[in-house]
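Engineer: Here is a sequence with its predicted model. Questions after.
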Amino acid sequence: MSLKKKPKHKDIKYINSTTMEVECTYNQCFKKFVQKTKYKVNVPSWNNFKPIKFLYAFHECPDCKRTVQNKEDNSQSIENYQSSIYGEASINTPELTPEEISYVNKFIKDKKEYGKYLNKGILPSWESDSAYNKRFKK
């Protein structure tokens with residue numbers, strides 16, 4: 001499916017990060033975009049940090065390498081993710097690469113290190129507990 005041109009006031013401008021000038025816009029490239037897929041890895045905590053590898057769909061411009069995801073790409077990615085969870089696509093999914101394994105291990109390590117601050121755990125504070133008690137407890 002091809003992408004549609006956006007109205008002028010909703011056009012996306014792609015900016016060069018070094019010169020901070022507009023390189024191109026979505027409306028200049030929308031006819032050139034080609035649908036592609038790549039494997040993506042998600043490490044959800046509800047799954048005991050077991051990695052889930054699924055196909056992620058998007059459109060890419062072959063000239064400027066900019067990517068965009070429309071509703072159809074998003075729904076296709078969600079379907080692939082759900083089928084990976086329920087085991088329908090796990091038969092055809094390749095094993096994790098060494099880069100993906102290192103990403104998963106780093107993610108789990110960071111999650112364990114900073115997880116104590118999540119879900120109403122111990123919060124980092126710039127002031128001592130006594131200063132906090134003076135300000136907020138009566």
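Structural biologist: Perfect, thanks for sending it. Residues are numbered from 1 along each chain as shown.
Engineer: Pretty sure K4 sits in a helix.
Structural biologist: No - membership of K4 in a helix is not supported by DSSP: H, G, I helix; E, B strand; the rest coil, which gives coil.
Engineer: Pull out the buried positions in the longest helix seen in the chain.
Structural biologist: With residue count as the measure and DSSP state H as the assignment, the chain has helix 98-114 as its longest helix. Under the neighbour-count criterion of 16 or more other C-beta atoms under 10 Å, helix 98-114 has 100, 104 buried. For glycine as for every other residue, the C-beta is placed from the backbone atoms N, C-alpha and C.
Engineer: Please compute how far it lies from its chain's middle.
Structural biologist: Computed by C-alpha atoms, centre = their mean, to the nearest Å, the chain-centroid distance of helix 98-114 equals 15 Å.
Engineer: what's in contact with that helix?
Structural biologist: Here helix 98-114 makes contact (C-beta atoms under 8 Å, 6 or more residues apart in numbering) with 41, 43, 45, 49, 51, 53, 96.
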